[in-house]
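Trainee: here is my input, please return the structure:
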Amino acid sequence: MTLRQVHYRLVSRDDVIHPNTISAYNTLGGWLRDDRLAGLVPWEWMEDRLRVAKRWAMWKGPAEFLHSVV
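Mentor: Alright, predicted model coming up:
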């Protein structure tokens, strides 16, 4: 789910008090960020469809780097 989907699911529930405000949205985002970093919410449960994942080139050591750039 995206943060927006989680936010609107909470807004639409009758048994949860979660206002449809920017402040509540930002607070929820902070909670989810902290819970993901703490390992309470698995990273696979949330997605950000607007950001493109970046992959950085990595090498095991200087020799492998030199071999790849030659």
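Trainee: list the buried ones in the lowest-mean-pLDDT helix or strand in the chain?
Mentor: One helix or strand of the chain scores below all others by mean pLDDT, DSSP states H and E: helix 62-69, with a mean of 90. Neighbour counts using 16 or more other CB atoms under 10 Å place no residue of helix 62-69 among the buried ones. Glycine gets a C-beta too; all of them are placed from N, C-alpha and C.
Trainee: for whichever strand or helix holds L32, name the packing helices and strands.
Mentor: If you go by DSSP states H and E, L32 is part of helix 22-37. Applying 3 or more CB pairs under 8 Å, 6 or more residues apart in numbering; DSSP states H and E, we find helix 22-37 packed against helix 3-12.
Trainee: so the helix it packs on versus helix 22-37, what angle?
Mentor: 120 degrees (axes from the mean of the first three to the mean of the last three CA atoms, to 10 degrees).
Trainee: for the remainder of this discussion, apply numbering that starts at 22.
Mentor: OK, 22 is where the count begins now, so the last one is helix 24-33.
Trainee: same for helix 24-33, what does it pack against?
Mentor: If contacts are counted by 3+ CB pairs under 8 Å, 6+ apart, helix 24-33 sits against helix 43-58.
Trainee: with only the CA atoms kept, save the helix it packs on in CSV.
Mentor: This file holds the C-alpha atoms of helix 43-58, laid out as CSV (Å, rounded to 0.1, in the frame of the first residue of the first chain):
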residue,chain,number,x,y,z
ILE,A,43,-2.3,17.4,6.0
SER,A,44,-1.1,17.3,9.6
ALA,A,45,-2.6,13.9,10.2
TYR,A,46,-1.2,12.6,6.9
ASN,A,47,2.3,13.9,7.8
THR,A,48,2.1,12.4,11.3
LEU,A,49,1.0,9.1,9.9
GLY,A,50,3.9,9.2,7.4
GLY,A,51,6.4,9.8,10.3
TRP,A,52,4.9,6.9,12.3
LEU,A,53,5.2,4.5,9.4
ARG,A,54,8.7,5.7,8.6
ASP,A,55,9.8,5.1,12.2
ASP,A,56,8.0,1.7,12.4
ARG,A,57,9.7,0.6,9.2
LEU,A,58,13.1,1.6,10.5
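Trainee: any idea how far it is from the middle of the chain?
Mentor: When C-alpha coordinates are averaged (CA atoms, centre = their mean, to the nearest Å), helix 43-58 and its chain have centres 10 Å apart.
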